[in-house]
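> Here is the input, now give the coordinates:
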Amino acid sequence: MFENFVIIDYELVVQTPLRIGSGVQIGVVNTINDAYLNENHLLIPGSTLRGLIGSQALKLECVKSPPVCTKGKPCEFLRRCLAYEMICNWEHGFGCYFHFGQAHGKVQRWHSWHVRLNRETKTVVKGVGPFAYEAFVAEGGQLKIKSKVIAEERLIELVKNSILAARGQCLGGRRSWGWGYIRKVSILGVRKPTIEESESEKLELEVKTPVPLYGRGLIDAINIATHDLISAIANKHISASEVSVLELKGLMTISWWNEALKKPYRVMALKPGTRISLLFTTCEEASLVLNAVRMFGLTASGQWYTKCGYGILTNLRTNIKRKKK
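Modelled structure (predicted):
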């Protein structure tokens, strides 16, 4: 269960501009994803960090050149490939969970204007107006981004080496232009998780990162995600007997760019700040769910967002005991 996982904390120092694309173009502007921008402070989606660290894991571990597992093609080495377990296995209970990154430092919008070129003739396309890419620019030019990976113990060395190998790489979009250049990488520590015990069958939780709505509605999505998560982590079938929304901050769209298919995927999600309550049969069930959604996220299994830091919830009640495993 939780004892099979560790928390690997790390820090990136990134040179801006940094582009986290939205997959949306408004007029002539290819926009950034500002859904995670709060008072000019930026959160980096776990899917972006998974792409950065995972690409280094493939370089270190994969015997194929180029890798085929990321393109959905069969590979005879999958059963013993740690890189596949780390980034390509989207089922709960295995591999790694990539949390959102917290950028320390204020950012503002910036536009890079361009003209369209004919790649064959290397000339400007006549009759086509200019267009722009949006990006984030930090005060002072650099951003410190702190994040963590929840990893199985057998993957510790690969995860650490993959994070360290990200130095000199680029984060986000327009990497070929040098945007998001990573100047420094640090492993801040490896630790065992702190386990919380609920003294009540009822949990009151606050959404910290968007909760994807997989299913026919809010309650259906929460029950599906709870079932998928707990059955994989603890081999138990648990669902809340009562789900209530205490405070709804609204809905938002989360997106992921599929490089292999060259198209974005979009899903509706609960906005951060939303508060919900879940009622279970016993305190043990409530404790199990509480720790699972803090560490792994309340997400359905097998989706692109399953292990990307979405669905993280924290406890609002004070009747909690904490202990280290």
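> State the mean pLDDT of stretch 278-286.
When pLDDT is averaged over stretch 278-286, the result is 92.
> ends of that stretch, how far apart?
Distance between the two ends of stretch 278-286: 8 Å, counting by Cα to Cα, to the nearest Å.
> mind checking the SS state of residue 30?
Secondary structure, DSSP: H, G, I helix; E, B strand; the rest coil: residue 30 is strand.
> what do you get for residue 205?
Per three-state DSSP, residue 205 ends up strand.
> quick one: contacts for residue 271?
With contact set as Cβ atoms under 8 Å, 6 or more residues apart in numbering, residue 271 has these partners: 207, 210, 249-252. Every residue, glycine included, has its C-beta placed from N, CA and C.
> 7 Å - rerun?
If you count contacts by Cβ atoms under 7 Å, 6 or more residues apart in numbering, residue 271 has them with 210, 249-252.
> Lowest-confidence one in those residues?
Within the set of these, pLDDT is lowest for residue 252 (89).
> Isn't that one up against residue 211?
No: in this structure, residue 252 is not within contact of residue 211 by Cβ atoms under 7 Å, at 10.1 Å.
> okay, and the common contacts of those two?
Joint contacts of residue 252 and residue 211 (Cβ under 7 Å, 6+ apart) are residue 269.
> Show me which of those two is the more surrounded one.
Neighbour count, other Cβ atoms under 10 Å: between residue 252 and residue 211, residue 211 has more, with 30 against 14.
> Which residue is the nearest non-sequential neighbour of that one?
residue 270 (4.1 Å; Cβ to Cβ, 6 or more residues apart in numbering).
> same thing with residue 42?
The shortest distance from residue 42 to any non-neighbouring residue, by Cβ to Cβ, 6+ apart, is to residue 103 (4.1 Å).
> Tally up the residues packed near that neighbour, please.
Using other Cβ under 10 Å, residue 103 is surrounded by 24 other residues.
> can you tell me how far it sits from residue 97?
As for residue 103, its distance to residue 97 is 20 Å (criterion: Cβ to Cβ, to the nearest Å).
> check contacts around residue 220.
Per Cβ under 7 Å, 6+ apart, neighbours of residue 220: none.
> In three-state terms, label it for me.
helix.
> which stretches of the stretch 101-250 of the chain have low pLDDT?
Within the stretch 101-250 of the chain, the segments meeting pLDDT under 70 span 115-119, 121-130.
> which one is the residue most central in space within the chain nearest to, not counting chain neighbours?
Nearest to the geometric centre of the chain sits residue 46, at 1.9 Å (Cα atoms, centre = their mean). Sequence neighbours aside, residue 309 is the residue nearest to residue 46 in space, at 3.0 Å (criterion: Cβ to Cβ, 6+ apart).
> what about that neighbour, how many neighbours?
The number of residues packed around residue 309, counting by other Cβ under 10 Å, is 29.
> if I look at it, how far off is residue 271?
15 Å.
> tell me the domain ranges of this protein?
The record assigns the chain these domain ranges, following automatic domain parsing: 2-191, 194-324.
> picking that back up, next up, the contacts around the residue nearest to residue 211.
By Cβ under 7 Å, 6+ apart, the contact set of residue 270 is 207, 210-211, 213, 251.
> Tell me the most packed of the residues you listed, by neighbour count.
The residue in the contacts of residue 270 with the most neighbours, by other Cβ under 10 Å, is residue 211 (30 neighbours).
> Isn't that residue up against residue 298?
Yes: the criterion here is Cβ under 7 Å, and residue 211 meets it with residue 298 at 5.6 Å.
> so what's in contact with the two at the same time?
residue 311.
> bridging residues for the closest residue in space to residue 305 that isn't next to it in sequence?
In space, and not counting its chain neighbours, residue 305 is closest to residue 212: 5.2 Å by Cβ to Cβ, 6+ apart. Here residue 212 sits in beta bridges with residue 269, going by DSSP bridges.
> Tally up the residues packed near residue 212, please.
Applying other Cβ under 10 Å, we find 24 residues neighbouring residue 212.
> tell me the contacts of it?
Taking Cβ under 7 Å, 6+ apart as the test, what residue 212 contacts is 254, 267, 269, 299, 303, 305, 310-311.
> which of these tops the neighbour count?
Result: residue 299 is most packed of those (other Cβ under 10 Å), 30 neighbours.
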